[in-house]
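Undergrad: sequence first, then the predicted structure, then my questions.
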Amino acid sequence: MVSNKVLRRWANRVRTLPIEMIVPQHGAPMKGKAVHEVIERVQALSCGIDLMTDANDNVPRAPLRQVP
């Protein structure tokens, strides 16, 4: 997932639809109450660019080893 902004937009669009089942590419199908629980969880999920911090910009201190 790219960012929480994308997930929130998706969640806001689909939450009003009469979804009976979510069938993920990986994992078990979800029906009933689980459909709305997944939408709520996805809306609050931190992911992708949301997880980037200044710590991700550190340059290695030791020189990189040359490959012959």
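TA: Everything's here; your move. Because the structure is a prediction, the values reported are computed rather than measured.
Undergrad: the strands in this protein, which residues?
TA: 21-22, 30-31 (DSSP state E).
Undergrad: for those, which one sits closest to residue 60?
TA: Closest to residue 60 of these, according to C-beta to C-beta: strand 21-22, at 41.5 Å. The C-beta positions use only the backbone N, C-alpha and C, and glycine is treated the same way.
Undergrad: ok, residue 10 to residue 43 distance?
TA: 8 Å (C-beta to C-beta, to the nearest Å).
Undergrad: Throw the strands of the chain into CSV and include mean pLDDT and distance to residue 56, thanks.
TA: Formatted as CSV, the strands of the chain follow (pLDDT from 0 to 100; distance: least, C-beta to C-beta, whole Å):
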stretch, mean pLDDT, distance to residue 56
strand 21-22, 95, 31
strand 30-31, 96, 32
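Undergrad: nearest to residue 68, out of those strands?
TA: Comparing the strands of the chain under C-beta to C-beta, the one sitting nearest is strand 21-22, at 50.9 Å.
Undergrad: partner strands of the closest one, with direction?
TA: Strand pairing for strand 21-22, determined by DSSP bridges: strand 30-31 (antiparallel).
Undergrad: now do the partner strand: distance to the chain's middle.
TA: Mean C-alpha position of strand 30-31 versus that of the full chain (C-alpha atoms, centre = their mean, to the nearest Å) differs by 19 Å.
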